[in-house]
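>>> using only what follows, build the 3D model:
(chains A and B)
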Amino acid sequence: MIPAAFDYAVPKTLNEAVALLGQNPEAKVLAGGHSLIPAMKFRLASPALLVDLNRLNGLAYIREDGGWLKIGAMTREADLDGSDLIRKKYPLLADTAKTIADPLVRNMATVGGNLAHADPANDHPATMLAYGAQVVATGPKGERVIPIGEFFAGTFETSLAHDEILTEIRLPAHKAGAGGAYVKVERKVGDFATAAVAAQVTLDASGKCASAGLGLTNVGPTAIRAAQAEAALKGQPLDDANIKKAAQLAAAAAEPADDLRGPAEYKRGLIKTLTVRALRKAVERAKA
Amino acid sequence: MSTHHVKVNVNGAVKEADVEARLLLVHLIREDLNLTGTHIGCDTTSCGACTVLLNGRAVKSCTVFAVQADGGEVMTVEGLTSNGKLHPIQEGFHEMHGLQCGFCTPGMMLSAVALLKQNPKPTEEEIRWGISGNLCRCTGYVNIVKAVQYAAEKMSG
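All right, here's what the predicted structure looks like:
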């Protein structure tokens, strides 16, 4: 399949990339391209201009800085997966990177692209909701920080302006007593989630839940934050009864639809089960 | 519609071509450079038949534009042999009966080469993980895993 014809530009600076987007309302950013290029081949997307970020320096990094874990938007999934820092201190993120598509796709696909594409079936959105992340958007007036809860406007829609580029993702830096897990059911390697749950918990000194984050993948028009389930856990011991109660609330927050991956009620049931599993694993890791 | 002059080091030799921006890397390789060992299977980023190494990383060349490879290095299955001698991974597929129809084999071998470069002594599970982006409809993967194990042993021995 051949995409429709387009112009292609390789900006030398981020400012130049932003300007190119501003000049051309039909332009799209090319990051890893593993959502965009298939869409272009199916002619679901026909941008007039691709602005290729792959040759810009300084957009791929993973570092802790000032209370945040900062990830450059062009960081490849394979580099997240291979990062010792992520494996040791950010298990929810490590779990997530490992389940995205397959190893070949992960060599190209980027964290920023996974979020900016805003596909509710993508894995990072739920994980970032669970972490309470922020994203940094760079536009003609400079940088602005967007809380992840305000980032997803709808299916394939974000709060980024046309001439803004997602340049960094910030997660609260790891603290003692924090742990997380991503649990996904997929039909086969490389498939999108039938459903998946991201859980991040922090335990206080007495072992009770100081904070909890829960994100749900592919059970609604966007990734869903299960806020009521989070609130129900706060200040409580993370025992089986409370975990099951939270799972019930998470399932109620899901808005699944019937499709080839299963009927809505099956997916709602999955969310309940996966929430229990994700929370149990998160607590285990928080205690380790 | 823009056209671009690209220079790509393919299997050790610099190749040049004028390409439309929309030309996929796999088409540059197969049609402009006549290297037909790289196959097109699903054409939808699923099967891995078009796998090549781009700057040392295994990628699906049906989902990369040729212009993105400008100035870079590509290795295809044709680049595996040196001085007429089979690469250990090719020898492994031959010795362990790692193929039946052979359609997935070039991509499978390049994924395996990338895996072994990163992890010279993979476990069976790690091998299965490493080739999980490449689909085979014939073998059931058992002999492919054996072929990769053969190559791992030969390359580290």
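>>> what packs against the one helix or strand B:His4 maps to?
B:His4 is part of strand B:3-10, with elements assigned from DSSP states H and E. Strand B:3-10 makes packing contacts with strand B:13-20, strand B:73-75 when contacts are defined by 3 or more Cβ pairs under 8 Å, 6 or more residues apart in numbering or on different chains; DSSP states H and E. (C-beta placed from N, C-alpha, C; glycine too.)
>>> which residues touch B:Ile89?
B:80, B:109, B:112-113, B:116, B:147-148, B:151 (Cβ atoms under 8 Å, 6 or more residues apart in numbering or on different chains).
>>> now a PyMOL select for only the buried ones of these.
Buried residues within the contacts of B:Ile89, by 16 or more other Cβ atoms under 10 Å in any protein chain shown, are selected in PyMOL with:
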select buried, chain B and resi 80+109+112+113+116+147+148+151
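>>> with secondary structure and distance to chain A as added columns, please give the contacts of B:Ile89 in TSV.
Below are the contacts of B:Ile89 laid out as TSV (DSSP: H, G, I helix; E, B strand; the rest coil; distance: Cβ to the nearest Cβ, whole Å):
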residue	secondary structure	distance to chain A
B:Leu80	coil	17
B:Met109	helix	13
B:Ala112	helix	11
B:Val113	helix	13
B:Leu116	helix	13
B:Ala147	helix	18
B:Val148	helix	13
B:Ala151	helix	17
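>>> closest to A:Lys175 among the contacts of B:Ile89?
B:Leu116 (38.6 Å; Cβ to Cβ).
>>> quick check: residues of the stretch 151-288 of chain A near chain B?
Taking Cβ under 8 Å from any Cβ of the partner chain as the criterion, the stretch 151-288 of chain A approaches chain B at residues A:189-190.
>>> helices and strands around the helix or strand hosting A:Val276, which ones?
Secondary structure assigned from DSSP H and E places A:Val276 in helix A:264-287. On a contact count with 3+ Cβ pairs under 8 Å, 6+ apart, helix A:264-287 meets strand A:178-186, strand A:193-203, strand A:209-217, helix A:240-253.
>>> can you pull the contacts of the spatially most central residue of chain A?
In chain A, the centroid-proximal residue (Cα atoms, centre = their mean) is A:His124; its distance is 1.7 Å. Applying Cβ under 8 Å, 6+ apart to A:His124 gives the contacts A:96, A:100, A:111, A:114-115.
>>> try A:Arg187
So A:Arg187 contacts A:194, A:261 (Cβ under 8 Å, 6+ apart).
>>> hmm, back to that, let me know the closest of the contacts of B:Ile89 to A:Gly220.
Using Cβ to Cβ, these come closest to A:Gly220 at B:Ala112, 39.1 Å.
>>> residues touching the residue in the stretch 51-200 of chain A that chain B sits nearest to, list them.
Chain B sits closest to A:Asp102 of the stretch 51-200 of chain A, with a gap of 3.2 Å, by Cβ to the nearest Cβ. Applying Cβ under 8 Å, 6+ apart, we find A:Asp102 in contact with A:189-190, B:48, B:132-133.
>>> got the confidence number for the nearest residue to B:Leu99 once chain neighbours are set aside?
Take B:Leu99 and drop its neighbours on the chain: the residue closest to it by Cβ to Cβ, 6 or more residues apart in numbering or on different chains is B:Thr105, 4.6 Å away. Listed pLDDT for B:Thr105 reads 98.
>>> same question, B:Met1
For B:Met1, the pLDDT comes out at 76.
>>> ok, now which ones touch it?
With the criterion set at Cβ under 8 Å, 6+ apart, B:Met1 makes contact with A:5-7, B:20-22.
>>> let's see it at 6 Å
Shown in contact with B:Met1 (Cβ atoms under 6 Å, 6 or more residues apart in numbering or on different chains): A:Ala5.
>>> could you do the one 10 residues further on as well?
The neighbours of B:Asn11, taking Cβ under 6 Å, 6+ apart as the test, are B:75, B:78-79.
>>> which member of those residues is positioned nearest chain A?
B:Met75 (13.7 Å).
>>> what residue spans form the domains of chain B?
B:3-79, B:88-156 (automatic domain parsing).
>>> closest one to A:Gln236 among those domains?
domain B:88-156 (37.5 Å).
>>> chain B contacts on the stretch 1-150 of chain A?
Proximity of the stretch 1-150 of chain A to chain B, by Cβ under 6 Å from any Cβ of the partner chain, involves residues A:1, A:3, A:5-8, A:34, A:37-38, A:102-104, A:107-108.
>>> sort out for me which of those residues are in strands.
In strands, defined here by DSSP state E, the members of the residues of the stretch 1-150 of chain A next to chain B are A:7-8.
>>> and stretch B:122-140, does that touch chain A?
Yes - interface with chain A: stretch B:122-140 contributes B:132-133 (Cβ under 6 Å from any Cβ).
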